[in-house]
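>>> quick one, structure for this:
(3 chains)
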Amino acid sequence: MEAFEYASPKSVQDAVKLLGSSWGGTEIMAGGTDLISAMKDGVVTPKRVVSLKNVKALDRAQGKAGAGMRLGAMVTIRQLLDLPQARQGFPGLVQAADGIRGEQMRHMGTVGGELLQRPRDWYFRNGYGLLAQHNGKSLIPDGQNCYSAILGNSGPAYFVNPSSLAPILIALDAKVTLRGPNGQREVELSKFYTTPNSEDEREYVIKPDEILTEIAIPESSARTATYEIREKEGLDWPLVAAAVALQMDGNTVKSARVVLGHVAPVPWPSPEAEEALNGKDLTEEVADAAGKAAVSKATPLSQNGYKVQLARVAVKRALMRAVKGEA
Amino acid sequence: MATCKYDWPPEGERELIGKRIERLDGPEKSSGRAQYTYDTNPPGRLIAKLCSCPHAHAKVTSLDISAAQKLPGVKAILVVHPVGDEIQWAGDEVAVVAATTEEIAEDAVRLIKVEYEQLPHLVREEDLKAAEAAGRTKDGGEQTAGDPAKAFEDPDTVVSEGFYGLPVITHCCLESHGNVVEWPDAKSVRIWSSTQNVSGGPGQLGQGLRLKKVDVEDNNIETICNYIGGGFGSKFSPDRWGIEAAQLSKMAGAPVRLMLDRNTELEMAGARPSAYAKVRVAARKDGTLTAWDSDSWGTGGPGPAGHPPLPYVIEPPNRHWKHTAVLTNIGEARAWRAPNHPQGCLITMAALDDLAHKLQMDPIELLQKNVNLAPEVLRKPYSEELVKAAELADWKKNWHPRGDKTSGPIKRGMGVSLHTWGGRGHNSTCNVMIRPDGSVSVQLGSQDLGTGTRTVIAITVAETLGLPIDAVKVEIGTSKYPPSGASGGSTTVGGVSNSTRRGAIDARDELFAAVAPSLGVQPADLEARNGKIQAKSDASKSLTWKQACAKLGVKTIQATGKNPGPCHLGDSGVGGVQIADVSVDIETGRVKINRIIAAQDCGLIIDVKTAESQVFGALIMGVCYALFEQKVMDETLGVMLNPNMEFYKLATIGDIGEFVVHMMTGPGYDERGVIGLGEPPVVSPGAAISNAVANAIGVRVPTLPLTPDKVLAALEKGAMA
Amino acid sequence: MRRKKDRPRKAGPEKSALTRRDFLKGAGVTVSGGLLVGSTAAGAAPPGPEAGFVGPGAVPVTLRVNGKVHKMNLEPRVTLLDALRDRLFITGSKKVCDRATCGSCTVMIDRKPVYACTVLAIEAEGHNITTIEGLAAEGKLTPVMEAFVNHDAQQCGFCTPGFVMACTAYLEREKNPTMEEMEKNLGGNICRCGTYWGIRHAVVEAANGMKGGAHGNM
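Numbers count the residues shown, from 1 in each chain, chains lettered A, B, ... in the order given. As a prediction, this is how the structure comes out:
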């Protein structure tokens, strides 16, 4: 790990003042598990690290059962898992958080850091950049692409968004608050992630001098669920995940939100799946059709065709889990 | 049969041997007090870091260490590969830096400027034709017995053809490879080494140093290893980076710690060779095997790395195998727990399982039918183990022909495999000492990999002297003690138990001779039991252990025990049968282990508890390589993409399923004496799990690991067939 | 160490114009980062009046480990694990993956389990750090350690301290443990020898012991 200077401001205001206007020179640290690992790998080499650990205002979770929730960026995964209002109101969110294992990661990991963690892509982590270019050409199509994107991969990026929480939060229409030098703005999480076109860009719209301070989940009566397909029960990132939020009228879907994780450079909302659900009675067949629709536009690579099948199944199972109301 | 002076006590007379005894070093380990090489910090020790080559095959064209040398805190830099040297795998160290802190050492490495001329590389070997086209193959041997061509043509036989394989995996020792070295004076070296070979260490380091023109006598080198954080066959020497650490230490005039980082540990500190094979196997309709033919290949890095034994254990009378070594730039192969056996086993047992399916036979019946094709010493054990494992698995009730026909996406299946290993005790020398105050110690230059070696030594000596286990001080872990073999090939338990039994019997007999006159009996009439020396003929004639030892006056008894030596205390050749019970989600391709049953023999068991732990551990390691592990290489870059523990996947506690371990003991087993156990049970899990998956889903997933992509691909292919 | 691939590094905004030597000059001195970095070189905004940067050189750091206070001079980049192992020679926590994956480095901060390999030592200031050495008095074992011994939940032993820490933290927090939850909680620890079988049994025993015999669903 290269040397850096370090600050641990007590307020968001002070923290923002310490940030730079371009990527790379300064990194913001939340729980640290991802940032410090990335620094050790030389994937990021900040000259300055601004820690949010002492910003007490960021570790609060507010909300009531049946109402919306506001989660400070520094709320830990463990805090989230233990929140009664989350357990009661948003089982799909708790299921997503439950996929983050084990206890060390749950205590260290924060919801803000989870949303902003860098891709796990092994070319990226080995120092070949977000776009994994080598001699002007992407290494991915002819390389080891078993974990790569099956959707949204028509551009130069093939990595997948690594967040476990983003899909369900997007399905719940969550917004994030970004605080910058000129005040704060709210961004819908569905518009927060972006696919970079060059190595100078990052995979989200937050600016280098902004801090993600809060995640707001609006009040919702939707039935929610997350279904992950993973290789390992312990610490591991899922192969694919699907998150759903369903407004139901009896057994009929009034409106559905379906968002896939780990299939594209961004969390992947599926209007196709939503369309296959809206107005239908949610049976196993309908759920399966929605899964099929979700991957209808998939463009798999040489080694990751199986993820198309996994995504389809994940959608189906997330839907059935939401209907059954599993905790 | 005439009794021999050195023997094992018969069943019924064993106080400690064959019982469940907690490992002696358990408290040290669970409390974190156990000091490993990585934990060793002699005063003033420097930390060394490697400057590694990022290319799979390259020539060093320029090397500039001047900026690094100027960095404050840098104490020595050793150039390992000067300009002109060719490098054969990514990760290989071009230079090594020793500095006062890890951070400074890393900064210095970043300041070293190296330029390379990249040379053509090959890092992937599944495609044999591509390797041949690149001129990177070498004849790996060929053998024929009987007349396989004719046997395959016999119209009365059923022939099964298949393709099977396992990728390269790594050892991934949790304590990375490395050493801490100091020169207490200009002529002597002390090296704390994370090693499976304490006694061999000085010779290896001495030779290495002399080749580098560093003058040192083996005599003046002490290798120390009290605890080692995993070896699995990859830690038999201080390695070239151990020699480099010693050179740096000499240059800097301070102790040097050089432990590999995780990425280099995975890139170059050991790999298990891959094996892929096209197989044909034939049997008569009653299941009697008649012929085998295999064309296999695999890679163990830049040099040939042996070949899998094919066919494995069960040898049809007509057989032919041919192996091709693919030479790749992936780092060197090292012995990996039961070298070549898991490969031979998977290929053979999967082929036999496919044949059983074709014959519409229960695979256990097929194995029973052909047990006579195994080496003679193993036939009876295999037969009994097949029966035992089947009984424990409730095979007759739970097994079904290939393809679980129940509804729903979760399919359940069972598979069987068998394996063997040698495990004869290695050369071992020990000193057993009984002092006049009654204290007992045993010294030998052995090491405890976590297999329970210390505990086995203590049990053996305590049993022999009729003492409780904590009355024996076990001293191992330094080359200053009498030489004992390296812990490889499952040779340790046989070696150290046999040498210490002989030494302890001699020491005991010397004590008998010393105390017999005072009891007025012949030494031959004495026995050591329950902390007493007493006459067999008259138990009232007895002395407590302490009273007896006091008769020694000022004399300490010192007896040397050796292996090999007179009388039969150990043997070679064990068998084992494993049955895996799995569930496969055919919609996701995910395999879950429900249960693995292991029936294993290893002769006389000294400590049942640590022996069972070896089997449990082997099963879990087997689950790891069956379901998760592979060294993933990128052909364009020539580098390993998963040199970390996130993507080099190992099972976690929720991934393992349930286990039933049954050790075969008693008549027929115990009288064979002590035989090694560490390796054999890791051989079968891959094959048993692969067979169970085939049984569950109705098609063979040809290669390990059995990841969702491969399971789904096999299902798709099967559905189309 | 992690080698740099020879991918040509972009001279774009991701790259600072600073050289390593500029930073090393600051070693051992506590200075405002703004002074050292310069306001534009790293694309950084000028530091505010409360900037409070330290480093990149060594700065005084005080750690309270197992109840004992240790004063050190550390660069901000030094991890808690390296501070414990290489400066204080408290070596029970092991360095294995060094990337928040394997759990061998687990310590407790304010009785919560963390990966010491990805905590900066400077961030552990002001907290109570407990390592495996701090769980039991010299020569004594805790119920969790005893359970590990009884069930032979260790072979080479290198992952064991991390597992003992993680188990201890889990059982301190969870009064009604279940096997399923336990496996998720300990899913951030990796053993290579394959001691999970023994660990499972050890956790059950320890859970029983800590609850005085009654235990949840284990």
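>>> so which helix or strand of chain C has the lowest pLDDT on average?
Among the helices and strands of chain C, helix C:33-37 carries the lowest confidence by mean pLDDT, DSSP states H and E, at a mean of 30.
>>> would you state the helices of chain C in chain order?
C:20-24, C:33-37, C:80-82, C:143-150, C:160-173, C:179-185, C:196-210 (DSSP state H).
>>> is the longest one positioned near chain B?
Spelled out, that is helix C:196-210. Yes. Part of helix C:196-210 sits near chain B under the criterion Cβ under 8 Å from any Cβ of the partner chain, namely C:196, C:197, C:198, C:199, C:200. For the C-beta atoms, the positions are set from N, CA and C on the backbone; glycine is no exception.
>>> what's the answer for the shortest one, then?
Yes. Under the criterion of Cβ under 8 Å from any Cβ, helix C:80-82 makes contact with chain B via residue C:82.
>>> would you format the residues of helix C:196-210 next to chain B as JSON lines with pLDDT and neighbour count included?
Listed next are those as JSON lines, based on pLDDT from 0 to 100; neighbours: other Cβ atoms under 10 Å in any protein chain shown:
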{"residue": "C:196", "pLDDT": "98", "neighbour count": "28"}
{"residue": "C:197", "pLDDT": "98", "neighbour count": "24"}
{"residue": "C:198", "pLDDT": "98", "neighbour count": "26"}
{"residue": "C:199", "pLDDT": "98", "neighbour count": "26"}
{"residue": "C:200", "pLDDT": "97", "neighbour count": "21"}
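>>> and those as TSV, adding distance to residue B:115?
Shown next, in TSV, are the residues of helix C:196-210 next to chain B (distance: Cβ to Cβ, whole Å):
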residue	distance to residue B:115
C:196	47
C:197	51
C:198	51
C:199	49
C:200	52
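>>> now the closest residue to residue B:500 other than its chain neighbours: which helix or strand?
Leaving aside its chain neighbours, residue B:500 sits nearest to residue B:460 (4.7 Å; criterion: Cβ to Cβ, 6 or more residues apart in numbering or on different chains). In the assignment (DSSP states H and E), residue B:460 maps to helix B:453-465.
>>> buried sites along that helix?
By 16 or more other Cβ atoms under 10 Å in any protein chain shown, the buried positions in helix B:453-465 come out as B:453-465.
>>> what is the most widely separated pair among those residues?
B:453 and B:465 (18.9 Å; Cβ to Cβ).
>>> all strands of the stretch 101-250 of chain A, in order?
Ranges of strands within the stretch 101-250 of chain A are A:133-134, A:137-138, A:175-180, A:183-188, A:211-217, A:223-229, A:240-249, based on DSSP state E, counting those that start in this stretch.
>>> and what of the stretch 251-400 of chain B?
Under DSSP E, counting those that start in this stretch, the stretch 251-400 of chain B gives strands at B:256-259, B:271-272, B:275-284, B:289-299, B:318-326.
>>> what's the answer for the stretch 501-650 of chain B, then?
Applying DSSP E, counting those that start in this stretch to the stretch 501-650 of chain B gives strands spanning B:526-529, B:532-535, B:542-544, B:557-563, B:574-585, B:590-601.
>>> do chain C as well
C:59-65, C:68-74, C:106-109, C:112-115, C:128-130 (DSSP state E).
>>> for the chain, which spans come out with low pLDDT?
Defaulting to chain A. Within chain A, the stretches with pLDDT under 70 are A:65-66, A:326-327.
>>> I was after chain B.
For chain B, counting by pLDDT under 70, the residues that fall below are B:1-2, B:720-721.
>>> how much space between the residue of it positioned farthest from its centre and chain A?
Most distant from the centre of chain B: residue B:520, at 51.1 Å, with distances by Cα atoms, centre = their mean. Here residue B:520 is placed at a distance of 67 Å from chain A (Cβ to the nearest Cβ, to the nearest Å).
>>> got the phi/psi numbers for the closest residue to that residue other than its chain neighbours?
Leaving aside its sequence neighbours, residue B:520 sits nearest to residue B:541 (Cβ to Cβ, 6+ apart; 7.0 Å). Reported as degrees, to the nearest 10, the phi and psi values for residue B:541 are phi -90, psi 90.
>>> ok, residue B:541 - contacts?
B:519, B:520, B:521, B:534, B:535 (Cβ atoms under 8 Å, 6 or more residues apart in numbering or on different chains).
>>> just the residues of helix C:196-210 next to chain B now: which is nearest chain A?
Set against chain A, the nearest of those by Cβ to the nearest Cβ is residue C:196 (10.0 Å).
>>> and residue B:533, how far is that from chain C?
Counting by Cβ to the nearest Cβ, the gap from residue B:533 to chain C is 32 Å.
>>> hang on, that residue packs against residue B:551?
No. In this structure residue B:533 lies outside contact range of residue B:551 using Cβ atoms under 8 Å: 9.2 Å.
>>> which one of those two has more residues nearby?
Counted by other Cβ atoms under 10 Å in any protein chain shown, residue B:533 and residue B:551 do not tie: residue B:533 has more neighbours, with 26 against 17.
>>> for that one, give me its contacts.
Residue B:533 neighbours (Cβ under 8 Å, 6+ apart): B:466, B:511, B:512, B:515, B:519, B:526, B:527, B:542, B:543, B:545, B:548.
>>> how about 7 Å then?
By Cβ atoms under 7 Å, 6 or more residues apart in numbering or on different chains, the contact set of residue B:533 is B:511, B:512, B:515, B:526, B:542, B:543, B:545, B:548.
>>> partners of it in the sheet?
When assigned by DSSP bridges, residue B:533 has beta-bridge partners residue B:528, residue B:543.
>>> give me the number of residues near the nearest residue to residue B:685 once chain neighbours are set aside?
Take residue B:685 and drop its neighbours on the chain: the residue closest to it by Cβ to Cβ, 6+ apart is residue B:622, 2.3 Å away. Residue B:622 has 30 neighbours, counted by other Cβ under 10 Å.
>>> was I right about residue B:622 contacting residue B:686?
Yes. Using Cβ atoms under 7 Å, residue B:622 is in contact with residue B:686, at 6.1 Å.
>>> run through chain C and note the low-pLDDT ranges.
C:1-51, C:211-218.
>>> redo that, cut-off 80
C:1-51, C:210-218 (pLDDT under 80).
>>> what residue is smack in the middle of it?
Short answer for chain C (Cα atoms, centre = their mean): residue C:116, at 0.7 Å.
>>> check contacts around residue B:453.
So residue B:453 contacts B:446, B:447, B:476, B:492, B:496 (Cβ under 7 Å, 6+ apart).
>>> deepest-packed of the strands of the stretch 501-650 of chain B, please.
strand B:574-585 (a mean of 28; mean count of other Cβ atoms under 10 Å in any protein chain shown).
>>> in its sheet, what does it sit against?
strand B:410-421 (antiparallel), strand B:590-601 (antiparallel).
>>> show me the contacts of residue B:453 that map onto helices.
Per DSSP H, the subset of the contacts of residue B:453 in helices is B:492, B:496.
>>> which of the contacts of residue B:453 sits closest to chain A?
The nearest one, if we look at these relative to chain A and count by Cβ to the nearest Cβ, is residue B:447, at 30.2 Å.
>>> please report how far the closest one lies from residue B:32.
20 Å (Cβ to Cβ, to the nearest Å).
>>> neighbour count winner among those two?
residue B:447 (34 against 26).
>>> shouldn't that one be in contact with residue B:227?
No. Look at residue B:447 against residue B:227 with Cβ under 7 Å: they stay out of range, at 8.8 Å.
>>> name the residues of the stretch 551-700 of chain B found near chain C, please.
Residues of the stretch 551-700 of chain B found near chain C (Cβ under 7 Å from any Cβ of the partner chain) are B:609-610, B:613, B:616-621, B:644-646, B:650, B:652-654, B:656, B:659.
>>> which ones among those residues lie within helices?
B:609, B:610, B:613, B:616, B:617, B:618, B:619, B:620, B:621.
>>> closest point of chain B to chain A, which residue?
For chain B, Cβ to the nearest Cβ, closest residue to chain A: residue B:652, 2.6 Å.
>>> burial of that residue, as a residue count?
Residue B:652: 27 neighbours (other Cβ under 10 Å).
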